[in-house]
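>>> Structure of the sequence below:
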Amino acid sequence: MTRPPVCIDRLLPRDLRRFALADTTGQVVRAIIVFRKMWVNGATLRVRFLDGTEDQRAIARKQALWWTEHANLTFEFGDDADAEIRVTFDPHLGAWSYIGTDCAQIPLDQPTMNLGFLDGGTAAHEFGHAIGLAHEHQNPAGGIQWNEPVVIHDLSGPPNNWDEQTIRHNVLEKYAVDQIRGTTFDPDSIMLYAFPATWTLTGLATHVNDTLSALDIAFIAGEQAYPGRAEPEDTALPLPVDGSGVRASIGQPGEEDLYRFTVERGGRYLVETHGRTNVAMRLYGPGSHTALIGEDDDSGWGMNARIAALLTPGDYYVQVRHADPADGTGTYSVRVRSQH
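Model prediction:
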C-alpha cells in the first residue's frame, strides 16, 4: 500500500547525536518547539525562492503567511542573496526544512527548505519547521508505541524510500527533554504526521491535517513561542556601551530577555552576564534580529555567559535566557564593554 509522503527534518552536524530515545509512557504533547532554535520574537525573516513555478511559489507564500497571521514574526519575500530562508522545489528530494535558526548556519548557495511536493498543507508544515516547530510524534513525553518493523518496512518503500537511519531520525527517535516546549496533544495539528494504525502497537492512527488547528494558532502566538503580534516589532531594552550594565531577572521559566546596544566605533567588544543565575546568551547584528554572531553558556565567571567579538558600527541585539528553560529563574546583570 502506498503511504502518504512525510517530510524530513534537516539537522546541523553538531545536532545529529542530540536525539535520545525516550520512555514511551505518559501524556502526549504536541506543537513542540525547539526553543534553542527559536528566532528572536518580532524578527523579520527574509524568504527567497531559488526556483519553482509561479503557482508553486504562490502556494508556498500563501501557506507561510498562515503562521505570521498569529506569530509575532514577519516573512519578507524577495531576492536577497543572504535571505534566512531559501526555498527550492526539487521533486526528487521530497519535502524538508532545517529547523529555526539553523537556517542561518547554512551556506548562502544552498537551500534551507525543499518543497518537492505540495500536497495539502505541506508548505505550511515546512514553514512551521523553519520557525522552530518540530514533529509532535518526536516529543519525549509522547506515548506513541511504534510497531518498528512495520514502520521501517513501509517507509523503506515509495514514496519515501528511506534507509533505516533516516526512518529512526524522522519517526522513531525523540528529542531530548531539555530541547523542547509543548502543549496538550492535538490530533489536528499541521505538524503531526499522518500514519496508519498498523504503525503502532496500540492501534493509534492519525489523519492528514491540511490547515493550522486552533491549538497550533494558540501555541504559536502564546508565551512559549512568538507572542505579541499586535505589539511594536522592536521591544528590545536599551543596553549602554561601557556603562555599569543592566540588572534584570528571569521571572518565569522559559522567559527570554532582549536588549539592544549601538556600536559607534568599530572594534572589539565584550558582552557578558554577572550573577549566580545560570544563563545563556546570543548576540545578533548588525541591524538584524536574525544574523547570529555568537552564542555562549558558561564561558564567563561561574555559570555566566561571555561573548567577545569584533563589531562594525551599527545596532546589535543580545538575547538572554536561563540555561534551564523548563524550571529556571533568577536574577542577573548584563553588560557590554569596548576593548579598543
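
>>> How about the contacts made by residue 217?
Residue 217 makes contacts with residue 70, as judged by CB atoms under 8 Å, 6 or more residues apart in numbering. (C-beta placed from N, C-alpha, C; glycine too.)

>>> Ignore what I typed, I meant residue 121.
Neighbour list for residue 121: 63, 190, 209-212 [criterion: CB under 8 Å, 6+ apart].

>>> which two in the residues you listed are spaced the farthest apart?
63 and 209 (12.4 Å; CB to CB).

>>> re the thing from before, can I get the contacts of residue 121 in a markdown table with secondary structure and distance to residue 117?
What follows is the contacts of residue 121, written out as a markdown table (DSSP: H, G, I helix; E, B strand; the rest coil; distance: CB to CB, whole Å):
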| residue | secondary structure | distance to residue 117 |
| --- | --- | --- |
| 63 | helix | 13 |
| 190 | coil | 15 |
| 209 | coil | 16 |
| 210 | coil | 13 |
| 211 | coil | 17 |
| 212 | coil | 19 |
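
>>> Give the ChimeraX command for selecting the buried subset of those residues.
Here is the ChimeraX command that selects the buried residues among the contacts of residue 121 (16 or more other CB atoms under 10 Å):
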select :63,190,209,212
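
>>> can the contacts of residue 121 go into CSV with extra columns for distance to residue 92 and pLDDT?
Compiled in CSV, the contacts of residue 121 are given as follows (distance: CB to CB, whole Å; pLDDT from 0 to 100):
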residue, distance to residue 92, pLDDT
63, 22, 97
190, 24, 87
209, 25, 80
210, 24, 87
211, 27, 90
212, 28, 91
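
>>> ok, the contacts of residue 121 vs residue 222, which is closest?
Nearest to residue 222 among those, with distances taken as CB to CB, is residue 212, at 13.4 Å.

>>> Just want to check the distance between that closest one and residue 96.
20 Å (CB to CB, to the nearest Å).

>>> what residues go with each domain of the protein?
8-220, 237-338 (automatic domain parsing).

>>> Which of the ones you listed sits closest to residue 229?
Per CB to CB, nearest to residue 229 of the domains of the chain: domain 8-220, 4.9 Å.

>>> all helices for this protein, in order.
54-68, 122-130, 148-156, 164-167, 214-220 (DSSP state H).

>>> Buried deepest among the ones you listed, which one?
A comparison of the helices of the chain by mean neighbour count, using mean count of other CB atoms under 10 Å, puts helix 122-130 on top with a mean of 26.

>>> now for that one, which elements pack on it?
Counting contacts by 3 or more CB pairs under 8 Å, 6 or more residues apart in numbering; DSSP states H and E, helix 122-130 packs against helix 54-68, strand 95-98, strand 113-115.

>>> Swap in 6 Å and give it another go.
helix 54-68, strand 95-98 (3 or more CB pairs under 6 Å, 6 or more residues apart in numbering; DSSP states H and E).

>>> okay if I get these as TSV plus distance to residue 309?
Shown next, in TSV, are the helices and strands packed on helix 122-130 (distance: least, CB to CB, whole Å):
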stretch	distance to residue 309
helix 54-68	30
strand 95-98	24
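
>>> Pick out the shakiest of these, pLDDT-wise.
If the helices and strands packed on helix 122-130 are sorted by mean pLDDT, strand 95-98 sits at the bottom with a mean of 91.

>>> In this structure, where is pLDDT below threshold?
Low-confidence segments of the chain (pLDDT under 70): 1-36, 135-144, 159-160, 173-186, 230-234.

>>> What is the end-to-end distance of stretch 242-260?
By CA to CA, to the nearest Å, the extent of stretch 242-260 from end to end equals 13 Å.

>>> repeat for stretch 322-331
First-to-last distance for stretch 322-331 - CA to CA - comes to 10 Å.

>>> in that stretch, what's buried?
Along stretch 322-331, these residues count as buried under the neighbour rule (16+ other CB under 10 Å): 322-325, 328.
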